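Participant: Have a look; sequence and predicted model below, questions after that.
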Amino acid sequence: MTTLTSTPSLSAVVGLTRGLVFACTLIAGAACSGQTQSGAAGGQPTTQAVTPPVVAASVAAVASAPPSVATRKWNFDGDQVGGLPSGAQPFGGEWAVRAEPDAPSPPNALCQTGNADFPAIGLDDKPYTDLTIVAHFKPISGKTDQAGGLIFRVQDKGNYYILRGNALEDNVIFFTYVNAQRSQLKGANAKVTPNTWHELRVEVRGNRFVGSLDGKQVVDSTDSRYTAGGIGLWTKSDSVTCFDDVEVTA
């Protein structure tokens, strides 16, 4: 199951302000446009413009309103066990929703149980630019690898960026994936315990990427190859890995 939330946009606040100005004009008449004062000796009364408090407050709110922020979440609890999340696009491997009693948000998680070079799945093909992705992953087994990762700025199944943690190597690494060929950008040592849920996070701002494991920043890198793209999940080789509580904010 996915959810989508957002804060009011700047255009909505501007529309509200215009409505308040119009209502003020209808109700208060001259009080909205100004007040009359005595002019100089022998002269005509003069008018001094006055901004109604409610309008002034609304204009101030427009000036200070933050940019629109949208968050989409996947916890897989509303998805059919044995199937794929709605809208997901597998790029390789064997992905399916399954019951995981210890999942961060039980009862379900999305798990990869196949064996391929780089099993991956796209969750959202919206062209995200700057974003933050957070997910929990549990590396369960694998003789060659026990990896779990996030993919971002996905162009297609053969072109994207990867941030992954590996329980056999105890490290977290950024990769490029170009024409289905993987190359390392930057890595760092970090303890990734098998059969344990970990939080993996990537923050993307322009060409700078920051990766965190379990709330601690561990690696950062830069690359300008891809400027926007979709998001998804990733494993490697024979990794059996489950994912839960995926969240993207842009």
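Facilitator: Right, received. Where do you want to start? Residues are numbered from 1 along each chain as shown.

Participant: Quick one: find the helix or strand in this protein with the lowest mean pLDDT.
Facilitator: For the chain, counting by mean pLDDT, DSSP states H and E, helix 30-33 ranks last in confidence among helices and strands (a mean of 38).

Participant: Mind listing residues that contact stretch 187-197?
Facilitator: The contact list for stretch 187-197, computed with Cβ atoms under 8 Å, 6 or more residues apart in numbering, reads 102-104, 136-141, 146, 165-167, 169-174, 198, 213, 216, 218-219, 244. (Each C-beta comes from the backbone N, C-alpha and C, glycine too.)

Participant: Look up how far residue 244 lies from residue 81.
Facilitator: Distance, residue 81 to residue 244, by Cβ to Cβ, to the nearest Å: 14 Å.

Participant: intersection of neighbour lists for the two?
Facilitator: By Cβ under 8 Å, 6+ apart, residue 81 and residue 244 have these common neighbours: residue 108.

Participant: who's more crowded, those two?
Facilitator: Taking other Cβ atoms under 10 Å, residue 81 and residue 244 do not tie; residue 244 has more neighbours (23 against 11).

Participant: isn't that one right up against residue 135?
Facilitator: Yes: using Cβ atoms under 8 Å, residue 244 makes contact with residue 135 at a distance of 7.4 Å.

Participant: how about low-confidence regions in this protein?
Facilitator: Within the chain, the segments meeting pLDDT under 70 span 1-68.

Participant: so is residue 118 in a helix, a strand, or just coil?
Facilitator: Put simply, residue 118 is coil when judged by DSSP: H, G, I helix; E, B strand; the rest coil.

Participant: List the residues that are in contact with both of residue 244 and residue 135.
Facilitator: Common neighbours of residue 244 and residue 135, counting by Cβ under 8 Å, 6+ apart, are absent.

Participant: tell me the domain boundaries of the chain?
Facilitator: As assigned by automatic domain parsing, the chain contains the domains 2-64, 70-249.

Participant: Please identify the deepest-packed of these.
Facilitator: domain 70-249 (a mean of 19; mean count of other Cβ atoms under 10 Å).

Participant: Between the two ends of it, how far is it?
Facilitator: Using Cα to Cα, to the nearest Å, one end of domain 70-249 lies 6 Å from the other.

Participant: wait, what's in contact with the residue nearest to residue 168 when sequence neighbours are not counted?
Facilitator: Once flanking residues are discounted, residue 168 sits nearest to residue 146: 5.0 Å by Cβ to Cβ, 6 or more residues apart in numbering. Applying Cβ under 8 Å, 6+ apart, we find residue 146 in contact with 139, 140, 166, 167, 168, 192, 194, 239, 240, 241.

Participant: Secondary structure class of the fifth one, three-state.
Facilitator: Read it as residue 168. Here residue 168 is coil, with the state taken from three-state DSSP.

Participant: Do I have it right that it meets residue 142?
Facilitator: Yes: at 7.3 Å, residue 168 and residue 142 qualify as touching, with contact defined as Cβ under 8 Å.

Participant: ok, and residue 135, which helix or strand is that part of?
Facilitator: Element membership for residue 135, per DSSP states H and E: strand 131-141.

Participant: who does the helix or strand just after that strand touch, helix- and strand-wise?
Facilitator: Moving toward the C-terminus from strand 131-141, the next helix or strand (DSSP H and E) is strand 147-156. In terms of contacts (3 or more Cβ pairs under 8 Å, 6 or more residues apart in numbering; DSSP states H and E), strand 147-156 is packed against strand 120-128, strand 131-141, strand 159-166, strand 198-205, strand 229-234, strand 240-249.
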